[in-house]
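Visitor: Just to be clear, the model below is a prediction. Sequence and coordinates:
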Amino acid sequence: MNEEEIKKEKIRNLLTPDVLVCRDCRERYKEDVSCSVCGKNMLDPSYKGMVYECPVCGKLYCEECWNKMEEMKEGKKLFH
């Protein structure tokens, strides 16, 4: 693992509801921990949902956006 991957993994391990991060770090790592769809910063203490990661591309999604994508996927299955 290179240094960038180690940093990214360490930050992603903080994405749990019981870990609080200072405002400076929330802003500094905002790009790395925001939802790929809506841009919600999932390190923000007001975010209480799950964090989902695509196993292929590694993009992060908030619970609301992930559920919407799952609903769309299920909806498409109904018509095929």
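Guide: Received it, and whenever you're ready, just let me know what you need.

Visitor: quick one: the strands in this protein?
Guide: Taking DSSP state E as the test, the strands found in the chain are 51-53, 60-62.

Visitor: can you tell which of those strands is closest to Cys35?
Guide: Nearest of these to Cys35, taken as Cβ to Cβ: strand 60-62 at 4.1 Å. Using the backbone N, CA and C atoms, a C-beta is placed for each residue, glycine as well.

Visitor: can you list contacts of the closest one?
Guide: 12, 15, 33-38, 40, 42, 47, 49, 51-54, 69 (Cβ atoms under 8 Å, 6 or more residues apart in numbering).

Visitor: which of the residues you listed are buried?
Guide: In the contacts of strand 60-62, burial by neighbour count holds for 12, 15, 33-36, 40, 42, 47, 49, 51-52, counting by 16 or more other Cβ atoms under 10 Å.

Visitor: residues of the helix ranked longest in the chain that come out buried?
Guide: Criterion DSSP state H: the longest helix present in the chain is helix 63-78. Along helix 63-78, these residues count as buried under the neighbour rule (16+ other Cβ under 10 Å): 63, 65-66.
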